[in-house]
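[1] here's my sequence, what's the structure:
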Amino acid sequence: MALNVGPDFKQRWLKVPEAIRQTFIDDLGRVCDVLNPSTDIQQWLVNDQQQQQVSFDKIESAYADLKAQLIEDARIRKQLALEKALEEKREAEQAYAEQLKRDEELRFAAQTQALTMMQHNLDREVQHYAARYHKNPETGLAGLSQSLSVSEGQMLSELESVRVRLELEAETQIEMAVSDFRAKLKAAAQEEIDYILENSNFSTESTSSQAS
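    Residues are numbered from 1 along each chain as shown. Presented below is the predicted three-dimensional model:
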């Protein structure tokens, strides 16, 4: 008589834990013993009842170990997935921070170049007006010469005021750009911390410890 073990027996058999396969093999060996003419049937029945309980305990223990292993494997996969997600998020935030830094550097360089150009133009204008009013005409009334001298002093004072105001405005813009950049970095760091706390088991374990 051919033994019918059903379809896909090989796949199903290999998926069973080793301890369970060995238990089945031992049970089959014990069944084969009863076919031996020299076997004491009564003794075999007594022994078979004991061995059935042993086999049952082994199978139950093996499935419990398998279940625990599957749970642990799932936990590890989840932890690895979380770590991968955090790493990808951290890399994205790092790239974003570096892009912000490059943007701020370009912005600062453009502002510096503009201020340098403004300073250059201002110096050129000062030199231009200073050259025009450096010497007063030798002819003419003394009052006219004094008037020109006063106008030159007022003009230089106003130009100096413009230069100082431009420098102050430039410093203010630079400080605002730096403060904005630091605020963005701080917000990105806080967002990463919140994400880690929300998606990790730390908060759950801490709550369980307090409850205990």
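[2] please count neighbours and contacts with C-alpha atoms only from this point.
    Fine.
[3] what helices or strands is the longest helix anywhere in the chain leaning on?
    Of all segments of type helix in the chain, defined using DSSP state H, the longest is helix 41-132. Contacts defined by 3 or more Cα pairs under 8 Å, 6 or more residues apart in numbering; DSSP states H and E place helix 41-132 against helix 18-34, helix 142-199.
[4] ok and it relative to helix 142-199, angle-wise?
    Here helix 41-132 points in a direction 180 degrees away from that of helix 142-199 (axes from the mean of the first three to the mean of the last three Cα atoms, to 10 degrees).
[5] could you check how far L14 is from R165?
    Applying Cα to Cα, to the nearest Å, the value for L14 to R165 is 84 Å.
[6] again with R12
    Applying Cα to Cα to R12 and R165 gives a distance of 84 Å.
[7] closest to the centroid, which residue in the chain?
    In the chain, the centroid-proximal residue (Cα atoms, centre = their mean) is R90; its distance is 2.0 Å.
[8] the residue nearest to it when sequence neighbours are not counted: how many residues sit nearby?
    Nearest in space to R90, with sequence neighbours left out and distances taken as Cα to Cα, 6 or more residues apart in numbering, is E192 at 7.3 Å. If you count neighbours by other Cα atoms under 10 Å, E192 ends up with 16.
[9] the longest helix of the chain versus helix 18-34: what angle between them?
    Using the same axes, to 10 degrees: helix 41-132 against helix 18-34 is 170 degrees.
[10] mean confidence for helix 41-132?
    Looking at helix 41-132 alone, the average pLDDT works out to 85.
[11] off-centre distance for it?
    4 Å (Cα atoms, centre = their mean, to the nearest Å).
[12] same deal with stretch 190-200?
    Distance, stretch centre to chain centre, for stretch 190-200: 9 Å (Cα atoms, centre = their mean).
[13] buried set for that stretch?
    Using 16 or more other Cα atoms under 10 Å as the test for burial, stretch 190-200 gives 192, 196.
[14] offset the numbering so it begins at 14, please.
    Got it, first residue is 14 now, which makes that one stretch 203-213.
[15] give me the contacts around that stretch.
    By Cα atoms under 8 Å, 6 or more residues apart in numbering, the residues outside stretch 203-213 that reach it are 95, 99, 102-103, 216.
[16] whichever of those residues end up buried, select them in ChimeraX.
    In ChimeraX, this line selects whichever of the contacts of stretch 203-213 come out buried by 16+ other Cα under 10 Å:
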select :99
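[17] will you turn the contacts of stretch 203-213 into CSV that also has distance to E173?
    Listed next are the contacts of stretch 203-213 as CSV, based on distance: Cα to Cα, whole Å:
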residue, distance to E173
L95, 60
L99, 54
K102, 51
R103, 49
S216, 61
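[18] out of the contacts of stretch 203-213, who's nearest L58?
    Proximity of the contacts of stretch 203-213 to L58 (Cα to Cα) peaks at L95, which lies at 55.1 Å.
[19] now do that closest one against E180, distance only.
    In this structure, L95 and E180 are 50 Å apart, going by Cα to Cα.
[20] also T52?
    Counting by Cα to Cα - T52 and E180 are separated by 109 Å.
[21] more crowded one of those two?
    When T52 and E180 are compared for neighbours, E180 comes out ahead with 15 against 11, by other Cα under 10 Å.
[22] leaving out sequence neighbours, find the closest residue to that one.
    Once chain neighbours are set aside, the closest to E180 by Cα to Cα, 6+ apart is L128, at 7.8 Å.
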